[in-house]
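*Asks:* Provide a 3D model corresponding to the input given below.
(chains A and B)
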Amino acid sequence: MGVLFGTSIDARTLRNLTDDGLILRQWVAVMLDTQPGVYWSAPTCGASLRAYILRGLTPDARAAIEAEVAATLREDERIASVDVTATQTFTGGGGVAVRLAIKIHAKGAEGLPFQLVAVASADLVTVILQGTGN
Amino acid sequence: MAISIKSLLTPLDKAAVARDFYTIFGLLIGYPVAFQDGEIAPAIVDAVIALLVDKLWNPLVLPALQAVYLDYSFGDWLSLIAWLVYNRPRIMAQAATQTLVVENTAAIFAGTIAVGSIRVKNTVSGKTYTNTTTGAIAAYTSGSYPVPPATLAAYQVALVFEADEAGAGSNAQPGDLSATPVSAPSGLRIQTNAAPFLGSDAESDPNLVTRARVAVTSRSSSGPLGAYLDAALDPVTAFTSRRLPAPSSWGASAPAILRVRVQQPGNGVVLVWCASGSGPAAGSNALVDTDVFKANVAIQLFVVPPGATCTVAPAILQTLALGTITLDVSAESRVTAAEAIATATAAVDAFFSTLPIGGARDVSSPTQGYVFFKKVVGVLTAGFGVENVVCSGFTADVAVGGNAVVAPTYTFAANIVTQGA
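*Replies:* The predicted model follows:
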């Protein structure tokens, strides 16, 4: 069982997931790949990066992504603070991707921030865990 | 703990199901599991509950369960149960039909007019009607039309037209039909209808429930009250359910008798009063093939026991002048005066079309029926945005005769009002 977040379910294997860092990474990945309104029980849940990208990445939109992603993640009771920095990259095929550097301080582990990097293109969201509190 | 049938037959609410799930889950699982929004577990729960509730239980399973209980059954499930269990098929909508005179105004077409080749239109409702019979017509070759009346018949033929849409929505008053067909062989036109087109809607759920409920009483040889209702509400089925053919001149549909009251004044006398949705039932027990005549035949043949005497008659019309009904409509509701009046008109008509013969009764007046003032006001104020209702001619309960059916007269006015500061 995770020290901070208990037990989750691994989305790929449906087995128990108990590593706090992996729980957090998976949660962020789901949140960043979920269009608000998908879940009837939580209609505001999610901040779909792909939707942002498909809408067009102007400088203003990029700044909005940082603010909205941070605000969305901050709503979770496990999160003490979030810092998001967005950079725009170009994929090999001429597409656009967004790279988010996400620094999360979880409650109960303020001295051990989780460092995540989320890379989103029009068809894929990937979240990479770069450091954990465990 | 007792759980009522009503609770069991109420549509499930997803949030309530989710609460129950999490309660049970919390009791069964001894360690904390992440259920925050965005986690996998609530996403799975969310999808499974939505599937069970929205796709399976509420639209499929629940109506099937409700169908078993007549008070909860509705729609096609009610039709099925009423037919299979009670042998009372729903009376389907009837298309309005009428005979129209077709005229040939040119020399282009002559010969037999095929079925379905002429379609005419109601200039008021926009509904269309198509000929269902054929007839031969001569070409008109004598100059400009019309010809003198003496020779006109050669260029005319009477054909039966039927509404393309079944139901009362295709009814037409005399003169409503356009003389110029929507489609027809060249040169043909019609004389607009001198008589109305009158169809009928499919039997409503409450009426079908009533017929299903009293169906079993039709098998009694002692003339129970329900048997009178059963025969009067559907005399055709009174024949067919006994494997007897109904008189061929009656047609396949039941008459428009929707309300029946049975009175037993004593000495073996039974009085049956019949009403339609709008007033007394049509005809009498002496006018052949009228609605009351059909009910009378079925009742005398299949219901009245030896020693009893039954008279079937149309209910007596009792007019109730509501006067001017003034609706105060909230400006904040964004409902227009016309919309409020239309809603209130439909509501008051629906109320009086189902008011029992003899009026409504309650525990305070078990024998004398009334039109209860507060009930009518409640019906009128049920429309969205209506804040207050005043009826100039109707301010208190009105007693209704035991054999009377109430038909209201009224005019509407509406005021758009704003809440005072």
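
*Asks:* switch to C-alpha atoms for all contacts and neighbour counts from now on
*Replies:* Fine.

*Asks:* Specify the local secondary structure of residue B:370.
*Replies:* When classified by DSSP: H, G, I helix; E, B strand; the rest coil, residue B:370 comes out as strand.

*Asks:* got the contact list for it?
*Replies:* Applying C-alpha atoms under 8 Å, 6 or more residues apart in numbering or on different chains to residue B:370 gives the contacts B:358-361, B:397-400.

*Asks:* Same question for residue B:305.
*Replies:* For residue B:305, the contact set (C-alpha under 8 Å, 6+ apart) comprises B:221-223.

*Asks:* hmm, back to that, now the contacts of residue B:370 as JSON lines including pLDDT, distance to chain A and secondary structure?
*Replies:* Listed next are the contacts of residue B:370 as JSON lines, based on pLDDT from 0 to 100; distance: C-alpha to the nearest C-alpha, whole Å; DSSP: H, G, I helix; E, B strand; the rest coil:
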{"residue": "B:358", "pLDDT": "94", "distance to chain A": "50", "secondary structure": "coil"}
{"residue": "B:359", "pLDDT": "94", "distance to chain A": "47", "secondary structure": "coil"}
{"residue": "B:360", "pLDDT": "92", "distance to chain A": "44", "secondary structure": "strand"}
{"residue": "B:361", "pLDDT": "88", "distance to chain A": "46", "secondary structure": "strand"}
{"residue": "B:397", "pLDDT": "92", "distance to chain A": "48", "secondary structure": "coil"}
{"residue": "B:398", "pLDDT": "94", "distance to chain A": "50", "secondary structure": "strand"}
{"residue": "B:399", "pLDDT": "94", "distance to chain A": "52", "secondary structure": "strand"}
{"residue": "B:400", "pLDDT": "95", "distance to chain A": "52", "secondary structure": "strand"}
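
*Asks:* Which among these count as buried?
*Replies:* Buried members of the contacts of residue B:370, counted by 16 or more other C-alpha atoms under 10 Å in any protein chain shown: B:358-360, B:400.

*Asks:* sorry, back to before: and the contacts of residue B:305, which are buried?
*Replies:* Buried by 16+ other C-alpha under 10 Å: residue B:223, out of these.

*Asks:* Going by distance to residue B:143, which of the contacts of residue B:305 wins?
*Replies:* Of all the contacts of residue B:305, residue B:223 has the smallest distance to residue B:143: 68.7 Å, by C-alpha to C-alpha.

*Asks:* and the closest one, backbone torsions?
*Replies:* Per-residue torsions, residue B:223: phi 70, psi 50 (degrees, to the nearest 10).

*Asks:* Hmm, it is touching residue B:303, no?
*Replies:* Yes. At 5.2 Å, residue B:223 and residue B:303 qualify as touching, with contact defined as C-alpha atoms under 8 Å.

*Asks:* mind checking pLDDT for the residue most central in space within chain A?
*Replies:* The centroid of chain A falls nearest to residue A:28 when counting by C-alpha atoms, centre = their mean (3.0 Å). pLDDT recorded at residue A:28 is 85.

*Asks:* Contact partners for it?
*Replies:* Taking C-alpha under 8 Å, 6+ apart, we find residue A:28 in contact with A:73, A:127, B:38.

*Asks:* go with 10 Å
*Replies:* A:22, A:34, A:46-47, A:69, A:73, A:102, A:116, A:118, A:126-128, B:38-39 (C-alpha atoms under 10 Å, 6 or more residues apart in numbering or on different chains).

*Asks:* could the residues you listed be laid out in CSV, adding secondary structure, neighbour count and pLDDT?
*Replies:* Formatted as CSV, the contacts of residue A:28 follow (DSSP: H, G, I helix; E, B strand; the rest coil; neighbours: other C-alpha atoms under 10 Å in any protein chain shown; pLDDT from 0 to 100):
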residue, secondary structure, neighbour count, pLDDT
A:22, helix, 17, 83
A:34, coil, 20, 87
A:46, coil, 24, 86
A:47, coil, 23, 83
A:69, helix, 24, 86
A:73, helix, 25, 87
A:102, strand, 24, 84
A:116, strand, 22, 75
A:118, strand, 21, 77
A:126, strand, 18, 75
A:127, strand, 22, 75
A:128, strand, 17, 74
B:38, coil, 24, 84
B:39, coil, 23, 86
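
*Asks:* where does whichever residue of chain A sits closest to chain B fall, helix, sheet strand or coil?
*Replies:* Minimum separation of chain A from chain B (C-alpha to the nearest C-alpha) falls at residue A:7, amounting to 4.6 Å. Of the three states, residue A:7 takes strand under three-state DSSP.

*Asks:* got it, and residue B:154?
*Replies:* The local conformation at residue B:154, judged by three-state DSSP, is helix.

*Asks:* thought it was touching residue B:137?
*Replies:* Yes. The pair residue B:154 / residue B:137 is scored as a contact, 6.9 Å apart, by C-alpha atoms under 10 Å.

*Asks:* Counting neighbours, go ahead and name the busier of those two.
*Replies:* Comparing residue B:154 with residue B:137 by other C-alpha atoms under 10 Å in any protein chain shown, the one with more neighbours is residue B:137, at 21 against 15.

*Asks:* name the element residue B:20 belongs to?
*Replies:* Using DSSP states H and E, residue B:20 sits within helix B:14-28.

*Asks:* Now do that helix, average pLDDT.
*Replies:* Mean predicted lDDT for helix B:14-28 stands at 86.

*Asks:* for stretch B:92-110, same thing?
*Replies:* Regarding stretch B:92-110, the rounded mean pLDDT is 88.

*Asks:* So which bits of that stretch are buried?
*Replies:* B:92-106, B:109-110.

*Asks:* Out of the residues you listed, list just those in helices.
*Replies:* Applying DSSP state H to the buried residues of stretch B:92-110, no entry is found in helices.

*Asks:* any common contacting residues for residue B:154 and residue B:137?
*Replies:* B:103-104.

*Asks:* Enumerate the residues of chain A near chain B.
*Replies:* Within reach of chain B by C-alpha under 10 Å from any C-alpha of the partner chain, chain A has these residues: A:1-2, A:5-11, A:14, A:16-18, A:23-24, A:26-34, A:38-46, A:73, A:75-78.

*Asks:* one step back: just the closest of the buried ones among the contacts of residue B:370 to residue B:14, please.
*Replies:* For the buried ones among the contacts of residue B:370, the nearest to residue B:14 is residue B:360 (39.0 Å; C-alpha to C-alpha).

*Asks:* Contacts only, for the closest one.
*Replies:* Each residue near residue B:360 by C-alpha under 10 Å, 6+ apart is listed here: B:366-372, B:375, B:399-400.

*Asks:* repeat for residue A:34
*Replies:* So residue A:34 contacts A:28, A:44-51, B:38 (C-alpha under 10 Å, 6+ apart).

*Asks:* repeat for residue B:179
*Replies:* By C-alpha under 10 Å, 6+ apart, the residues touching residue B:179 are B:101-103, B:120-123, B:188-193.

*Asks:* Just the buried subset of these, please.
*Replies:* Buried members of those, counted by 16+ other C-alpha under 10 Å: B:101-103, B:120-122, B:188-193.

*Asks:* Among those, which are located in strands?
*Replies:* The strands, defined by DSSP state E, take in B:101-103, B:120-121, B:188-190 from those.

*Asks:* which two in those are spaced the farthest apart?
*Replies:* Longest distance between any two of these is 16.0 Å, between B:103 and B:121; criterion C-alpha to C-alpha.

*Asks:* Which pLDDT does the model give the residue in the stretch 151-300 of chain B that chain A sits nearest to?
*Replies:* Closest to chain A within the stretch 151-300 of chain B is residue B:205: 32.9 Å, counting by C-alpha to the nearest C-alpha. Per-residue confidence at residue B:205 stands at 92 (pLDDT).

*Asks:* How much space separates the residue nearest to it when sequence neighbours are not counted from residue B:62?
*Replies:* What sits nearest to residue B:205 in space, not counting adjacent residues and going by C-alpha to C-alpha, 6 or more residues apart in numbering or on different chains, is residue B:74, at 6.2 Å. Distance of residue B:74 to residue B:62, computed by C-alpha to C-alpha, to the nearest Å: 11 Å.
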